[in-house]
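Trainee: Structure for this input, please:
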Amino acid sequence: MTNLWDYETYRENKSNFCITSYDSKNNVSLSNSRYDNVVNMDSAREWYAKNVDSTFSKHCLSVDALSIINNQVFFIEFKNCKVSKERKDILQKVHDSISLHCSVTQESVLDVNNYCDV
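Mentor: Next up is the predicted model:
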C-alpha cells in the first residue's frame, strides 16, 4: 500500500474531514471530525495542475477527500442531497480521482484496486 505522505501533492493538501466535507451552498460541514490523515482532493487536483501537469485539471473532477483508515485507502465524496441525483457526477469524480492518484503515485489502476475502497 502507498504512503500518501510520500508524495508532495498530498503533503501540500493535507486536511481533515471537517474541512473536506464543507458544503458551501448550505454553509455547513457534513462531518465535525478533525481526523487529519486526509487529503483535500479538490486542492490536490489544483495543486497538481499548477505544479506538475498544467493540462491535468482542465476537464477533471475530484472527490472531496482521500484517506487511509485501517490500512485501507478511501476515495470519499460527501453529499448533502439524494445521491441518486448525483450518481453520474459521483462516478466521474471517482474515475478522475483514481486517475489523479495514479498520476501522483505512478501506480497502475490495478495496483490501486488492490488496496482501496470507494
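Trainee: my read: V52 touches A44, true?
Mentor: No - between V52 and A44 there is no contact under CB atoms under 8 Å: 10.5 Å. The C-beta positions use only the backbone N, C-alpha and C, and glycine is treated the same way.
Trainee: Show me the common contact partners of those two, please.
Mentor: The contact sets of V52 and A44 overlap at T9 (CB atoms under 8 Å, 6 or more residues apart in numbering).
Trainee: Out of those two, name the residue with the larger neighbour count.
Mentor: The neighbour comparison of V52 against A44 (other CB atoms under 10 Å) goes to A44, with 27 against 12.
Trainee: pLDDT score assigned to that one?
Mentor: For A44, the pLDDT comes out at 96.
Trainee: Let me know whether my guess that it is in a helix holds.
Mentor: Yes - per DSSP: H, G, I helix; E, B strand; the rest coil, A44 lies within a helix segment.
Trainee: wait, it sits on L100?
Mentor: Yes - the criterion here is CB under 8 Å, and A44 meets it with L100 at 7.0 Å.
Trainee: Need the overlap of contacts for those two.
Mentor: With CB under 8 Å, 6+ apart as the test, A44 and L100 both reach S62.
Trainee: remind me, longest helix of the protein?
Mentor: Scanning the chain for the helix with the most residues, using DSSP state H, yields helix 83-105.
Trainee: That one - contacts with which helices or strands?
Mentor: helix 41-51, strand 72-76, helix 109-113 (3 or more CB pairs under 8 Å, 6 or more residues apart in numbering; DSSP states H and E).
Trainee: same question for that helix, mean pLDDT?
Mentor: For helix 83-105, the per-residue pLDDT averages 88.
Trainee: Flag every buried residue along that helix.
Mentor: I90, K93, V94, H95, D96, S97, I98, L100, H101, V104, T105 (16 or more other CB atoms under 10 Å).
Trainee: of these, closest to K82?
Mentor: Nearest to K82 out of those is I90 (CB to CB; 11.6 Å).
Trainee: Would you agree the closest one is in contact with V83?
Mentor: Yes - using CB under 8 Å, I90 is in contact with V83, at 6.9 Å.
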